[in-house]
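>>> next input, structure requested:
(one chain, ligands or ions: 1)
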Amino acid sequence: MTATIIDGKAVAAELRAEIASRVAALAFQPGLAVVLVGDNPASTVYVRNKDRAAAAAGIAARTIRLPADTAEAALLATIAALNADPAIDGILVQLPLPPQIRPRAVIEAIDPEKDVDGFHPLNVGRLHEGHPHLVPCTPLGVMRLLAHAKVPIRGAQAIVLGRSSIVGKPMAALLINADATVTVAHSRTRNLAAECRRADLVVAAVGRPELVRGDWIADGATVIDVGINRTAEGKLVGDCATAECAASASAITPVPGGVGPMTIACLLANTLTAALARRGLEPA
Ligand code: NAP
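Below is the predicted model:
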C-alpha cells in the first residue's frame with residue numbers, strides 16, 4: 001500500500017482563511033496577547049509566526065516581551081492585567097520559561113476563559129470530562145487533520161506515543177472522546193513496536209528522530225507524526241521514518257508540512273472560540 005500524504009499546510013491554510021472570514025464578519029476584533037520572557041531563539045521565531053498569523057486573520061495581536069530575569073511576581077502581574085483587559089480574548093505565555101518562574105503558577109494564573117493554549121487545569125478537566133472548551137492546539141490540529149482525511153476513529157484501535165500535557169495526554173483524551181480505544185505509550189512502555197502493530201491509528205509525539213519504523217505499522221493504518229527533530233546534519237525529521245511507514249500506512253503526515261502548520265491555525269481557532277464564548281455568542 002502506498003500512503004496518501006496528509007497535507008497539513010493546505011488544511012491549515014484553509015482553516016486560517018475560514019477563521020479570517022469569520023473574524024471579518026464580527027462586529028468586534030478579537031485580541032490575542034502573546035507573552036515572551038527572555039530571548040530563546042526558537043521561542044522568538046514561534047512568537048513572531050503567531051503574531052503574523054493572528055494579524056493575517058484579522059485578530060489584534062499584542063506581543064509583550066519581558067527580560068529573561070523577570071521575577072515570577074512581575075509575570076503574574078502582567079497576566080493579571082491581561083485577564084482584566086476587555087480587549088484581550090486570548091492569552092498565551094510562550095514556554096519554556098526561565099528557571100526562576102514556575103510554569104504551573106503561570107498557567108494557573110491565566111483566566112481559563114482566555115486560556116487559548118488549553119493548559120489551565122479547568123480546561124484540562126473539561127477535556128477529560130468530555131466537555132472540551134479550549135483544547136491544546138497541537139492535538140486539536142491532529143483531530144482536524146484526521147477529520148479532513150476522513151480517518152475513521154469510532155471503535156478504532158489508536159496508540160499515542162508520548163504522555164506530555166501539551167500533546168500526548170490531551171491527544172489521548174480527544175481520541176477517547178471520539179470513541180477510539182486508546183493506548184498511551186511512553187519511555188517505560190515494554191515492546192513499543194508490538195503495541196504499535198495492533199493500532200489502526202498511530203500518533204507519535206516523543207521527540208525521538210525516526211523512532212517509529214516501517215515494520216511497526218499495520219497494513220492500512222494511519223500515521224500522524226507530531227515530532228519535530230533536527231538531525232546532526234541540520235535536517236528536520238519527525239518521530240517516524242516516513243518513507244518506511246508510508247509503505248504500510250494508508251495515510252501519513254509529512255514532517256515538515258503535516259501537524260506543524262495546524263498548531264498555529266488552531267491557536268487562531270481557539271482565540272475565535274474564546275472571543276465568542278466570552279460574549280455569549282454561538283461557537284464558530
Ligand atoms: P516531551 O514533553 O519531551 O514528551 C515526550 C514524551 O515521549 C514523554 O512522555 C516520554 O516518555 C516519551 N518518550 C520519550 N522517548 C521515548 C521512547 N524512546 N519510547 C517511548 N516514549 C518515549 O515532548 P512533547 O512536548 O510532547 O513533544 C513531542 C514531540 O512533538 C517533539 O518532537 C516536539 O518538538 C513535537 N511537537 C510538535 C508540535 C507541533 O506543532 N508539530 C507541538 C508540540 C510538540 P516519559 O513520559 O516516560 O518521559
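
>>> do you know how far residue 201 is from residue 31?
Taking Cβ to Cβ, to the nearest Å as the measure, residue 201 falls 36 Å from residue 31. (Glycine included, C-beta is placed from N, CA and C.)

>>> thought residue 78 was touching residue 62?
No: look at residue 78 against residue 62 with Cβ atoms under 8 Å: they stay out of range, at 11.3 Å.

>>> more crowded one of these two?
residue 78 (20 against 16; other Cβ atoms under 10 Å).

>>> just the element for the closest residue to residue 109 other than its chain neighbours, please.
Counting by Cβ to Cβ, 6 or more residues apart in numbering, residue 109 lies nearest to residue 79, which is 4.7 Å off, once chain neighbours are set aside. In the assignment (DSSP states H and E), residue 79 maps to helix 72-84.

>>> give me the buried positions along that helix.
Within helix 72-84, the residues scored as buried using 16 or more other Cβ atoms under 10 Å are 72, 75-76, 78-79, 82-83.

>>> and what of stretch 131-149?
Here stretch 131-149 shows 132-146, 148-149 as buried, counting by 16+ other Cβ under 10 Å.

>>> again with stretch 80-100
Buried residues in stretch 80-100 (16+ other Cβ under 10 Å): 82-83, 88-94, 97-98.

>>> how much space separates residue 64 from residue 233?
36 Å.

>>> tell me which of these two has more neighbours.
Remark: of residue 64 and residue 233, residue 64 carries more neighbours, 17 against 6, as counted by other Cβ under 10 Å.

>>> using the three-state scheme, assign the more buried one.
strand (DSSP: H, G, I helix; E, B strand; the rest coil).

>>> ranges for the strands of the stretch 1-150 of the chain?
Under the criterion DSSP state E, counting those that start in this stretch, the stretch 1-150 of the chain carries strands at the ranges 4-5, 31-37, 60-66, 90-93.

>>> of those strands, which stretch is the most buried?
With neighbours defined as mean count of other Cβ atoms under 10 Å, those peak in mean count at strand 90-93, which reaches a mean of 26.

>>> gap between residue 183 and residue 80?
41 Å.

>>> tell me who's in contact with whichever residue of the stretch 1-150 of the chain sits closest to the ligand.
Among all residues of the stretch 1-150 of the chain, residue 138 sits closest to the ligand, at 4.1 Å; criterion: Cβ to the nearest ligand atom. Residues in contact with residue 138 (Cβ atoms under 8 Å, 6 or more residues apart in numbering) are 166-167, 171, 205, 226, 259, 262-263, 266.

>>> so which of those residues are also by the ligand?
Contacts with the ligand within those, counted by Cβ under 6 Å from any ligand atom: 166-167, 205, 226, 259, 263.

>>> want to throw the residues you listed into CSV with pLDDT?
Shown next, in CSV, are these (pLDDT from 0 to 100):
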residue, pLDDT
166, 97
167, 98
205, 98
226, 98
259, 98
263, 97
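
>>> so which of the residues you listed is the most crowded?
residue 226 (31 neighbours).
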